[in-house]
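>>> Quick one, structure for this:
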Amino acid sequence: MNVALRPLLTAHLAEAQRLEPLLRRGQGGLYRYVDRLEEADLIIWTDWPDYAQPLDALQREDFRAHLDRSFAFSQQDRPLAFLPGLYTGLSGRADDTRRGGWYLEASAPDDALDAVAVDPRERDLWFTFAGGSTSWIRKRLLRHNFRRSDVRIVNTSAFHFWDPAQSGHGDRRAWYLDQLARSRFVLCPRGACPSSIRLFETMRAGRVPVILSDAWVPPPFVEWRRFAVRVPERHFAHLPEILADYDPQAPEMGRIARTQWERWLSLDRAGETLVAALLEIGLDAARQTPLTAWTWPARHRLQALRWQARAQARDVALKAWRRSGLPMPYALNRPND
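Got it, this is the predicted structure:
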């Protein structure tokens, strides 16, 4: 099985640059990585346009010529799920051809995060969360007071862990890793999409992820039920009662979380996991793509209208609230909005 990789948006290669070394490293028994599309039996397309961008990239000759062998891997918050494949931002609509993905950053070399998994210190924090106010569940979490000294919920909306150029990045990441090392459970609420990189960092760190995302679609193969706690968003205030039942098993669940990350999502295994997931979806699914490509412009337009309407409604609500003179009840992800 020959596998090739191409970015759709050549001006934005973040996904392709992260995925290519994983695919090259994982080749062997299941597949062989090739550079030429003509040699490939399966082609993975990354770096997709989103709903706010034109679909010019989807008219590329090399893309259209190989639709019957094409799959997608996309980390976008609002993916255009036109091809069979893995979509990290998929929202509660998994089917036989489109499944949940993960964040490639969680598979990249990171000695500091790996060190957390073997940190011998006492885990004196019961459950923690550090993240921006990017969803309704996060806003409620950040506002809620659990009234416990071993629970730590921190709003980091003014800081971007993904931007190493931001002032103070090293110190803030060291603080985050210290909190992670001291935690038994780590809350992983949905962010701008149903998934969150916190989930995969928590697995890698050997801690128990607590998933608060009703629409999240799990990536394949990982045995989530063995180590993750999934809590309906509406029950977030009952986390102390819920997690009390899991507390005795937390060390073993954390060990399993790390083992599952090593088996499926680590630097040496992520490429093979992705290809295996696409083969499980099946080449027959890709062969059907040319029959549905004519619907893409209309689907793109409908998705754009839906997200534009949500953004406009948000702006109207924020302006109305400010005119009222009342204090904002929830933290904003962009404090200057």
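>>> So which bits of the helix or strand of the chain with the lowest mean pLDDT are buried?
Lowest by mean pLDDT, DSSP states H and E among the helices and strands of the chain is helix 296-324, with a mean of 85. Neighbour-count burial for helix 296-324, counted by 16 or more other Cβ atoms under 10 Å, picks out 300, 303-304. Every residue, glycine included, has its C-beta placed from N, CA and C.
>>> For residue 35, state which of those is nearest.
Distances from residue 35 to these, taken as Cβ to Cβ, are shortest for residue 300 (29.8 Å).
>>> just checking, the closest one touches residue 55?
Yes: here residue 300 reaches residue 55: they are 5.6 Å apart, a contact under Cβ atoms under 8 Å.
>>> Tell me which stretches of the protein form strands.
2-7, 32-33, 42-46, 70-74, 85-87, 98-100, 125-131, 151-155, 183-189, 208-212, 229-230 (DSSP state E).
>>> Give me the contact list for the last one.
Same thing as strand 229-230. 185, 208-211, 224, 242-243, 246 (Cβ atoms under 8 Å, 6 or more residues apart in numbering).
>>> can you tell me the average pLDDT over it?
Average pLDDT, strand 229-230: 98.
>>> Pairing partners for it, with directions?
Counting by DSSP bridges, the strands paired with strand 229-230 are strand 208-212 (parallel).
>>> Next, the angle from the partner strand to strand 183-189.
Between strand 208-212 and strand 183-189, the angle comes out at 20 degrees (axes from the mean of the first three to the mean of the last three Cα atoms, to 10 degrees).
>>> Now do the same contact list for the spatially closest residue to residue 140 that is not a sequence neighbour.
Nearest residue to residue 140 in three dimensions, chain neighbours excluded: residue 236, at 6.3 Å (Cβ to Cβ, 6 or more residues apart in numbering). Counting by Cβ under 8 Å, 6+ apart, residue 236 touches 137, 140-141, 144, 189, 212.
>>> ends of stretch 17-36, how far apart?
17 Å (Cα to Cα, to the nearest Å).
>>> Which residues outside that stretch are in contact with it?
Contacts for stretch 17-36 (Cβ under 8 Å, 6+ apart): 1-5, 40, 42, 44, 46, 73, 104-105, 107-108, 267-276, 279.
>>> can we see that at 10 Å?
1-7, 13, 16, 39-44, 46-47, 73, 75, 103-105, 107-109, 265-276, 278-279 (Cβ atoms under 10 Å, 6 or more residues apart in numbering).
>>> Just the buried residues of it, please?
Applying 16+ other Cβ under 10 Å to stretch 17-36 flags 18-23, 25-27, 31, 33-34 as buried.
>>> ok, now which ones touch the closest residue to residue 58 other than its chain neighbours?
Excluding the flanking residues, the one nearest residue 58 by Cβ to Cβ, 6+ apart is residue 296, at 6.4 Å. Contact analysis of residue 296 by Cβ under 10 Å, 6+ apart lists 55, 58, 80, 82-83, 289.
>>> Low-confidence regions, the stretch 51-200 of the chain specifically.
Counting by pLDDT under 70, the stretch 51-200 of the chain contains low-confidence residues at 93-94, 161-162.
>>> can you pull the pLDDT of residue 11?
pLDDT at residue 11 comes out at 68.
>>> Give me the distance between the residue nearest to residue 140 and residue 185.
13 Å (Cβ to Cβ, to the nearest Å).
>>> Give me the common contacts of these two.
Common neighbours of residue 236 and residue 185 (Cβ under 10 Å, 6+ apart) are 210, 242.
>>> Count the neighbours of residue 170 for me.
10 (other Cβ atoms under 10 Å).
>>> any chance of the strands of the chain in a markdown table, with distance to residue 172 too?
Listed next are these as a markdown table, based on distance: least, Cβ to Cβ, whole Å:
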| stretch | distance to residue 172 |
| --- | --- |
| strand 2-7 | 30 |
| strand 32-33 | 36 |
| strand 42-46 | 29 |
| strand 70-74 | 28 |
| strand 85-87 | 29 |
| strand 98-100 | 29 |
| strand 125-131 | 9 |
| strand 151-155 | 10 |
| strand 183-189 | 17 |
| strand 208-212 | 21 |
| strand 229-230 | 27 |
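>>> between these, which one is nearest to residue 256?
strand 208-212 (9.1 Å).
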